[in-house]
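# The sequence and its predicted three-dimensional model are supplied below.
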Amino acid sequence: MKKIAIAMVAVIAFAGVAFAADVIEFPASMGKVTFNHKKHQEALKDCKLCHVKGPGKIEGFGKDFAHKTCKGCHEEKKAGPTKCGDCHKK
């Protein structure tokens, strides 16, 4: 019974990763932003870097979050786009 409970917890915990879209498009006033979720998963390995409160949508995600967190990470790691036109495609 204990093994079944542990297996159920593992399935629920990782279901968000298993069903996450590979590529996500966000509409933006400056042009849509295409985000390759799968590529970020493979590169970062630690989902909690973005999903602080667990799997699923990122609480508080929006322009300010993306510019601070995503762009900030790209600048820190010296990898990924940092200029407006690199993310925002018309």
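Everything's here; your move.

# Neighbours of residue 25, how many?
Using other C-beta atoms under 10 Å, residue 25 is surrounded by 11 other residues. To be clear about C-beta, it is placed using only N, CA and C from the backbone, and glycine gets the same treatment.

# which SS class is it?
Here residue 25 is recorded as strand under DSSP: H, G, I helix; E, B strand; the rest coil.

# Surely it touches residue 31?
No: applying C-beta atoms under 8 Å as the test, residue 25 and residue 31 come out as separate, 10.9 Å apart.

# The chain: helices as residue ranges?
2-19, 37-44, 63-65, 71-77, 84-87 (DSSP state H).

# and the last one, average pLDDT?
This points to helix 84-87. In this model, helix 84-87 has an average pLDDT of 92.

# where's it relative to the chain centroid, distance-wise?
17 Å (C-alpha atoms, centre = their mean, to the nearest Å).

# Okay, buried residues for it please.
residue 87 (16 or more other C-beta atoms under 10 Å).

# what does the fourth one give?
Neighbour counts using 16+ other C-beta under 10 Å place 71, 73-74 of helix 71-77 among the buried residues.

# That helix - contacts with which helices or strands?
Of the remaining helices and strands, none touches helix 71-77 by 3 or more C-beta pairs under 8 Å, 6 or more residues apart in numbering; DSSP states H and E.

# pLDDT weak spots in the protein?
1-20 (pLDDT under 70).

# Now do the same contact list for the residue nearest to residue 69 when sequence neighbours are not counted.
Leaving aside its chain neighbours, residue 69 sits nearest to residue 50 (7.1 Å; criterion: C-beta to C-beta, 6 or more residues apart in numbering). Counting by C-beta atoms under 8 Å, 6 or more residues apart in numbering, residue 50 makes contact with 40, 44, 58, 69.

# Now, of these, which are buried?
Looks like the contacts of residue 50 have 40, 69 buried, using 16+ other C-beta under 10 Å.

# Considering the contacts of residue 50, which is situated nearest to residue 80?
Checking those against residue 80 with C-beta to C-beta, the nearest one is residue 40 at 8.9 Å.
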